[in-house]
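Undergrad: below is the structure, and that's it, no one-letter string:
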């Protein structure tokens, strides 16, 4: 039988990568294409066609397709996502103050319904009157719904009833909290569900785009998506639970880094256009975050690699603070469309404007910046305020200079809201443009990058002098700033892993150590393991970053497509937990993986819980595309002695099923 090829696809904020991988020969071919936000299938098709051409392989040789993405992570880091309606059952307004829920909710609507359950799964009657009154209007102003019920992990009946009612009336996607986590902690589960609902349309579009392309090319094979813990799930499951794909790209990069370098112990840092993701490989395995993934400042209930994601990348916004005696430069957290890329995509829209702005004697506050629609479907622009709608209608598919678009100061805040909704891109100078000026990159329009940096260099500091004498000097300042900010984020991730509460960005000692400052006391800092640099621009930036950190630099040959490699070498893994509690003496309630069951024998309750957990885990692993999954069982029994007799508080039985994904048989 011929060697079946596995197709790995990684859709990032800037690039879509594709690799063809053989389990016996490794990476056969690799390719990149620009991610096309208006229609993701265009970028996917470009990358896959290029990789098939490089390998000279027929589509019939492909036995599995696996997808990883940073789109969900980027959206949460940048504060983007669709507008979602949150329905809280059995909670009150005071619960919004916990776990950052009110902050995450922002201006999205929330409804409180009487109902919910207690810790043993017994109900408070559900009243859906308020929901029925609000639904017709709400359905027109949101793109999805999130439903969170009090103790829904013990009994999901009310969440299911509310979900069914919303679907029947609105026909919009609905996420229930019990589908995402079996952990207690209602407000954080509600937060996770809200973020999931915001991501549904984005991940749905991505998977749909991939499926459309595969269908057109006659590639009828299983399709997997990388989860945040590095495991694989079926595309159908990822559509229902897109929150599980937050940190999908970073998790895939960790799996890929281990595979490509063979290192068991390393710090892995993956730089993309939007984010830098830092994680630790320990004894060959990525560390998992037991508390739940933190993305965009919110701690979710999603089990994922212990990855710290920072809004810092090659396409980060350059923020110049020229108010002090010496100008300060900071990068991120927002992603800008680099001027060099915008000009390559729209040859006549950028350079003439920059040349016009350079001819004026004074620097304008909006010089060198443009706005352009991201190209997402019109339905995602629902619920805009009148002033937002008016500005959105002025912005089109070709970048418009901000100095002509923004007439009043208030319009800047309106534009920022459109950017936060993921409807509009801002274009401006970025580290990628600096690299085009310095010759480290050359794939886009270097002339536009140079003009943009020439404009920005005219900004004057507090002494009245320009912040840089030339575009080259400013470019070097930007790259040096990216090197230092990267060192800071890598250090802060590693120090946090060591349990040290030090902020490298504000530590004089660390600053002296990183800059090898002379003095009677010499400060030194170093990592205890190699620094693996991943991402297309890793070879450009990471040797200097590793040197600053006193670490050995390891940049694998396929560093630019490590995520796509990780997407095809991972395993399917599913975890199911079933609980047993004792509300009254001699009464045992089994909750999870089905209806609640009351028994009067502890041994029988434990036996049923174990059987349920193992059966459900195996079923889920097979549903997620695992071939011959293997199951293991763990148990935690909390039963202290109280006045001489044993009292069961809670027993947890956790089954884990894992296996390699099923590969299509050759015809």
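TA: Noted; the coordinates are in hand. In this text the structure is predicted, and so the values were computed from the model without any measurement. Numbering: from 1, shown residues only.
Undergrad: so residue 549 touches residue 488, yeah?
TA: No: Residue 549 lies out of contact with residue 488 (C-beta atoms under 8 Å); the separation is 10.1 Å. No exception for glycine: its C-beta is placed from N, CA and C like everyone else's.
Undergrad: so what's the most centrally placed residue in the chain closest to, chain neighbours aside?
TA: Central residue check for the chain by C-alpha atoms, centre = their mean: the C-alpha nearest the mean position is that of residue 73, 1.3 Å away. Counting by C-beta to C-beta, 6 or more residues apart in numbering, residue 73 lies nearest to residue 246, which is 5.3 Å off, once chain neighbours are set aside.
Undergrad: repeat that for residue 323.
TA: residue 462 (6.5 Å).
Undergrad: do the same with residue 13
TA: Using C-beta to C-beta, 6+ apart and skipping residues adjacent in sequence, the residue nearest residue 13 is residue 274, 4.2 Å away.
Undergrad: so who does that neighbour touch?
TA: Residues near residue 274 by C-beta atoms under 8 Å, 6 or more residues apart in numbering: 12, 13, 14, 70, 74, 77, 78, 311, 313, 315, 316, 335.
Undergrad: now the helices for the stretch 351-500 of the chain?
TA: Counting by DSSP state H, counting those that start in this stretch, the stretch 351-500 of the chain has helices at residues 351-359, 386-394, 402-405, 409-420, 431-438, 446-456, 471-497.
Undergrad: show residues contacting the second one.
TA: Spelled out, that is helix 386-394. Contact with helix 386-394 is made by 373, 381, 384, 400, 405, 410-411, 414-415, 417-418, 423-424, as judged by C-beta under 8 Å, 6+ apart.
Undergrad: average pLDDT across that helix?
TA: Rounded to a whole number, the mean pLDDT of helix 386-394 is 94.
Undergrad: could you figure out how far that helix is turned away from helix 409-420?
TA: Orientation check (axes from the mean of the first three to the mean of the last three C-alpha atoms, to 10 degrees): helix 386-394 against helix 409-420 gives 70 degrees.
Undergrad: which parts of helix 386-394 are buried?
TA: Buried residues in helix 386-394, defined by neighbour count with 16 or more other C-beta atoms under 10 Å: 388, 391, 392.
Undergrad: and the shortest one, by the same measure?
TA: Under the neighbour-count criterion of 16+ other C-beta under 10 Å, helix 402-405 has 402, 403, 405 buried.
Undergrad: that helix: how far from the chain's middle?
TA: Its chain's C-alpha centre and that of helix 402-405 lie 32 Å apart, by C-alpha atoms, centre = their mean, to the nearest Å.
Undergrad: do the fifth one as well
TA: What separates the centre of helix 431-438 from the centre of its chain is 26 Å, taken as C-alpha atoms, centre = their mean.
Undergrad: which other helices and strands contact that helix?
TA: Other helices and strands packing on helix 431-438, by 3 or more C-beta pairs under 8 Å, 6 or more residues apart in numbering; DSSP states H and E, are helix 339-345, helix 446-456, helix 471-497.
Undergrad: in the stretch 51-200 of the chain, where is pLDDT below threshold?
TA: Flagging of the stretch 51-200 of the chain using pLDDT under 70 yields the residue ranges 77-81, 182.
Undergrad: element containing the residue nearest to the centre of the chain?
TA: Element membership for residue 73, per DSSP states H and E: helix 71-77.
Undergrad: could you identify the helix or strand that succeeds that helix?
TA: Sequence order places strand 84-89 as the next helix or strand after helix 71-77, per DSSP H and E.
Undergrad: can you give the distance of that next one from its chain's centre?
TA: When C-alpha coordinates are averaged (C-alpha atoms, centre = their mean), strand 84-89 and its chain have centres 22 Å apart.
Undergrad: buried residues in it?
TA: Using 16+ other C-beta under 10 Å as the test for burial, strand 84-89 gives 84, 85, 86, 87, 88, 89.
Undergrad: quick one: contacts for the fourth one?
TA: Residues touching residue 87, when contacts are defined by C-beta under 8 Å, 6+ apart, comprise 110, 111, 113, 131, 145, 146, 147, 148, 162, 166.
Undergrad: ok, the second one next?
TA: Residue 85 makes contacts with 108, 109, 110, 111, 138, 141, 142, 144, 145, 146, 197, as judged by C-beta under 8 Å, 6+ apart.
Undergrad: now the end-to-end length of stretch 166-185.
TA: With C-alpha to C-alpha, to the nearest Å as the measure, stretch 166-185 spans 24 Å from end to end.
Undergrad: and for stretch 388-407?
TA: End-to-end span of stretch 388-407 (C-alpha to C-alpha): 14 Å.
Undergrad: same deal with stretch 583-593?
TA: Using C-alpha to C-alpha, the end-to-end distance of stretch 583-593 comes out at 19 Å.
Undergrad: ok so, going back, pLDDT check: weakest of the contacts of helix 386-394?
TA: When these are sorted by pLDDT, the bottom entry is residue 381 at 81.
Undergrad: what about that residue, neighbour count?
TA: 20 (other C-beta atoms under 10 Å).
Undergrad: can you check residue 24 too?
TA: Residues near residue 24, counting by other C-beta under 10 Å, number 6.
Undergrad: just the angle between the biggest helix by length in the chain and strand 84-89, please?
TA: In the chain, with assignment by DSSP state H, the single longest helix is helix 186-216. Computed by the same axes, to 10 degrees, the angle separating helix 186-216 from strand 84-89 equals 140 degrees.
Undergrad: off-centre distance for helix 186-216?
TA: Helix 186-216 sits 11 Å away from the centroid of its parent chain (C-alpha atoms, centre = their mean).
Undergrad: looking at the contacts of residue 274, which is nearest residue 250?
TA: Ranked by distance to residue 250 (C-beta to C-beta), these are led by residue 70 at 7.2 Å.
Undergrad: pretty sure that closest one contacts residue 250?
TA: Yes: taking contacts as C-beta under 8 Å, residue 70 lies within contact range of residue 250: 7.2 Å.
Undergrad: neighbour count: the two, which is higher?
TA: Set residue 70 next to residue 250 and count neighbours by other C-beta under 10 Å: residue 250 wins out with 34 against 31.
Undergrad: the more buried one: which element?
TA: In the assignment (DSSP H and E), residue 250 maps to helix 248-261.
Undergrad: turn the helices and strands packed on helix 431-438 into JSON lines, columns for mean pLDDT.
TA: Listed next are the helices and strands packed on helix 431-438 as JSON lines, based on pLDDT from 0 to 100:
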{"stretch": "helix 339-345", "mean pLDDT": "96"}
{"stretch": "helix 446-456", "mean pLDDT": "97"}
{"stretch": "helix 471-497", "mean pLDDT": "93"}
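Undergrad: hmm, back to that, CSV please, covering the contacts of residue 274 and showing distance to residue 216.
TA: Below are the contacts of residue 274 laid out as CSV (distance: C-beta to C-beta, whole Å):
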residue, distance to residue 216
12, 23
13, 25
14, 24
70, 25
74, 27
77, 32
78, 31
311, 35
313, 32
315, 30
316, 35
335, 30
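Undergrad: just give me the closest of those to residue 183.
TA: Residue 183 lies nearest to residue 77 out of these, by C-beta to C-beta, at 23.4 Å.
Undergrad: follow-up on the earlier one: what mean pLDDT does the helix holding residue 250 get?
TA: Throughout helix 248-261, pLDDT has a mean value of 86.
Undergrad: since that was my last question, I'll sign off now.
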